[in-house]
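**Q** give me a model of this one.
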Amino acid sequence: EYFFSYLERVHIAKEAGFQRVAPLKAYPLLTLCLFASSSLCNMSLSFINFPTKVVFRSCKLVPTMIIATIVNKRIFASYEYVCALAICAGLVLFA
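**A** Numbering: from 1, shown residues only. Okay, the predicted model is just below:
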């Protein structure tokens, strides 16, 4: 994780006109939090069966769209919400 964070910083620093918003000391903490989140998620999912894992992981689309609408003020078309719900419903029925 630290290696990829470093590579990203090096790549972005080469771009012209780049101004860093976050201080460099914030990156290790962010990397640690992402690593811990991923590890704990995988550990907790080891207690449920595979079809349930697939359903829950695939249904992250709807909450992600809702949060993007609330936090980022992103506007999705109504057909995009319908498509996301149809995908989730199909996965639930398939699993």
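
**Q** in stretch 83-95, what's buried?
**A** 84, 88, 91 (16 or more other CB atoms under 10 Å). For the C-beta atoms, the positions are set from N, CA and C on the backbone; glycine is no exception.

**Q** my read: the second one touches Phe56, true?
**A** If I follow you right, that is Cys88. No - counting by CB atoms under 8 Å, Cys88 sits too far from Phe56 to count as a contact (10.3 Å).

**Q** now the helices for this protein?
**A** 2-13, 26-45, 50-58, 61-71, 78-94 (DSSP state H).

**Q** the second one: which residues count as buried?
**A** Residues of helix 26-45 classed as buried under the neighbour-count rule (16+ other CB under 10 Å) are 27, 31.

**Q** and that helix, C-alpha only, in PDB?
**A** C-alpha atoms of helix 26-45 as PDB (Å, rounded to 0.1, in the frame of the first residue of the first chain):
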ATOM      1  CA  ALA A  26      -1.800  12.300   6.000                       C
ATOM      2  CA  TYR A  27      -1.000   9.600   3.400                       C
ATOM      3  CA  PRO A  28       0.400   6.900   5.800                       C
ATOM      4  CA  LEU A  29      -2.600   7.200   8.100                       C
ATOM      5  CA  LEU A  30      -5.000   7.000   5.100                       C
ATOM      6  CA  THR A  31      -3.200   4.000   3.800                       C
ATOM      7  CA  LEU A  32      -3.300   2.300   7.200                       C
ATOM      8  CA  CYS A  33      -7.100   3.000   7.500                       C
ATOM      9  CA  LEU A  34      -7.700   1.600   4.000                       C
ATOM     10  CA  PHE A  35      -5.600  -1.500   4.700                       C
ATOM     11  CA  ALA A  36      -7.400  -2.100   8.000                       C
ATOM     12  CA  SER A  37     -10.800  -1.600   6.500                       C
ATOM     13  CA  SER A  38     -10.100  -4.100   3.700                       C
ATOM     14  CA  SER A  39      -8.600  -6.700   6.000                       C
ATOM     15  CA  LEU A  40     -11.400  -6.400   8.600                       C
ATOM     16  CA  CYS A  41     -14.000  -6.600   5.800                       C
ATOM     17  CA  ASN A  42     -12.400  -9.800   4.500                       C
ATOM     18  CA  MET A  43     -12.200 -11.300   7.900                       C
ATOM     19  CA  SER A  44     -15.800 -10.600   8.800                       C
ATOM     20  CA  LEU A  45     -17.000 -12.000   5.400                       C
END
